[in-house]
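Asker: Sharing a sequence plus its predicted fold:
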Amino acid sequence: MVTGSLTRGGTETLPLLVVIVGPTASGKSELAAQMAARLGGEVVSCDSVAVYRGLEIGAAKPSAAQRMLAPHHLLDVVAPNEIFSAGDYARAARAAIADIRGRGRVPVVAGGTGLYLRALLQGLFDGPQRDGELRERLRQQAASQGAESVHRLLRQHDPAAADRIHPNDVPKVLRALEVCLTAGASGARNMTEAWGDGSQLLTGYRVVKLGLAPPRAELYERINQRAQRMFAAGLIEETRTLVERYGADYWPLQSLGYKQARAVLRGEMTEAEAIAATAQGHRNYAKRQGTWFRKEAEVEWLQGFGEQVSHPELAPSGEHHAGG
C-alpha cells in the first residue's frame, strides 16, 4: 500500500478537489470510489465514452459495487447519436463539482480523457457557435471516407490540434475543424491558438492530482484480461443492439471494443481476432495516455494499481475525516 503527504503550500484553507488520472485499466475507478467514500465525497467521471447511455460493457464504467460506495456523476449523460464535446463536459463537470461542494462534500474527478480534464481545469475558450450544417457535412465525410479523412483536413488547418486529437475521436476532430472553418472567415484563430489565451482556469479549490503508474507488463496483462472479459460478458450483442437502435456512423461505436465488435458482426473478424485487436488498441491507448498525463503539472505519481494505493491522511480543507 502506497501512502504520501499531499499538502499544497498556502492552499490548505481552500475546499479540496481530488483528480485521479492514469492509463486505462489502472484502477482509477476503484481508487476514486474508495477515496470518495473515505472523504465523504462524490465521483465525477472524466471519460469520453462513459458519458454515453447504452455503452456499458465496452465503456468499462464503474461497477455497481463502486457506485454503492459513493454517488457518481457524468455517466450516461447523452445518447450515442448526440454530440458531447470537451466544452460540454467542462461545463457539466464544473456544475457537478460546484453542486457537490455546495452540499459540503468532496468532489473526486477520475478518468482517462486528457482533453476533458484540460477543459475542466484550464477552462474554455470563446469559440464560435456550433454550425449544424457544417458539422453534418463533416460527419458524413467521416462516415463515407473514414475518420482519417477529416483528421487529415484538420492537420491542414491546425497541425497542433491534429497531433493532440486521435484520428478515431471524430467528435473532437469535427469540433476543432468547425472552429477552424467558421472562425477563420471572421479573422479568429484556430482551436490551438484559442485554447492558448481564451481560457478561464478553474479556481477556488485546492486541487490535488494523483496519477496511477502500475508496472507496464502488469498493466498490459490486465488490459488483455479485460478485453477477454468484455467479449465474454456480451460486448458483441451490446454492440448489435446499439447499431440497430442508433446506426453505426456515430463516434461512440467507433471507439475501442465497439469497433472490433462491429467487425465481428460484419464478418470481417473472428471473435478471437477482435479480442486481440481490442487488447492491442487499449495497450496503445494506455501508452498515449501515459505520455499525455506525464505532461500534466503537479501530479503525484503512485506506483501501483488503484486498489493498491491509499492516502489516509488526505482530508478536505485540512480537516480530519473518519472513515467513510
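Answerer: Cool, the structure landed. Numbering: from 1, shown residues only.
Asker: give me every residue that touches D47.
Answerer: Under the criterion of Cβ atoms under 8 Å, 6 or more residues apart in numbering, the neighbours of D47 are A59, K61, G111, G112, T113, Y116. (Each C-beta comes from the backbone N, C-alpha and C, glycine too.)
Asker: The first one and Q260, how far apart?
Answerer: Just to be clear, that refers to A59. Look at A59 and Q260: by Cβ to Cβ, to the nearest Å, they are 14 Å apart.
Asker: With neighbour numbers in mind, choose between these two.
Answerer: Under the neighbour definition other Cβ atoms under 10 Å, A59 and Q260 were set side by side, and Q260 has more, 28 against 24.
Asker: Now the two most distant members of the contacts of D47.
Answerer: The most widely separated members of the contacts of D47, counting by Cβ to Cβ, are K61 and Y116 (15.2 Å).
Asker: So for the two, which sits in the more crowded spot?
Answerer: In terms of neighbours (other Cβ under 10 Å), Y116 is the more surrounded of K61 and Y116; the figures are 26 against 20.
Asker: ok, that one touching F84?
Answerer: No. With contact taken as Cβ atoms under 8 Å, Y116 and F84 are classed as non-touching, separated by 9.7 Å.
Asker: hey, what's in contact with both of these two?
Answerer: Shared contacts of Y116 and F84, defined by Cβ under 8 Å, 6+ apart, are found at S48.
Asker: May I have stretch 156-173 exported as CSV, CA atoms only?
Answerer: Backbone C-alpha positions of stretch 156-173 (Å, rounded to 0.1, in the frame of the first residue of the first chain) are rendered in CSV as follows:
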residue,chain,number,x,y,z
GLN,A,156,-4.1,21.2,-42.8
HIS,A,157,-5.8,23.8,-40.7
ASP,A,158,-4.5,23.1,-37.2
PRO,A,159,-1.5,20.7,-37.1
ALA,A,160,-1.1,21.1,-33.3
ALA,A,161,-4.7,20.1,-32.7
ALA,A,162,-4.3,17.1,-35.1
ASP,A,163,-1.3,16.0,-33.0
ARG,A,164,-3.3,16.3,-29.8
ILE,A,165,-6.6,14.6,-31.0
HIS,A,166,-6.6,10.9,-32.0
PRO,A,167,-8.0,10.3,-35.6
ASN,A,168,-10.6,8.0,-34.2
ASP,A,169,-12.0,10.6,-31.8
VAL,A,170,-14.3,12.0,-34.5
PRO,A,171,-16.4,14.4,-32.3
LYS,A,172,-13.3,16.3,-31.2
VAL,A,173,-11.8,16.3,-34.7
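Asker: List the buried residues of that stretch.
Answerer: Taking 16 or more other Cβ atoms under 10 Å as the basis for neighbour counts, the residues of stretch 156-173 that come out buried are 157-158, 161-162, 164-173.
Asker: how far out from the middle of the chain is it?
Answerer: 16 Å (Cα atoms, centre = their mean, to the nearest Å).
Asker: can you list the residues that contact it?
Answerer: With Cβ under 8 Å, 6+ apart as the contact definition, stretch 156-173 has outside contacts at 48, 83-86, 115, 139, 142, 147-148, 150-151, 154-155, 176-177, 180-181, 184, 190-192, 251, 254-255, 259, 288.
Asker: among those residues, which ones are buried?
Answerer: Of all the contacts of stretch 156-173 considered here, the ones buried according to neighbour count by 16+ other Cβ under 10 Å are 48, 83-86, 115, 139, 142, 147, 150-151, 154, 176-177, 180-181, 190-192, 251, 254-255, 259.
Asker: in this structure, what spans have low per-residue confidence?
Answerer: Within the chain, the stretches with pLDDT under 70 are 1-12, 124-131, 183-199, 310-324.
Asker: ok so, going back, what about the contacts of D47, which are in helices?
Answerer: With DSSP state H as the criterion, helices contain Y116 from among those.
Asker: Adding distance to A25, write the contacts of D47 out as CSV.
Answerer: Rendered in CSV, the data for the contacts of D47 read as follows (distance: Cβ to Cβ, whole Å):
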residue, distance to A25
A59, 13
K61, 13
G111, 13
G112, 9
T113, 15
Y116, 18
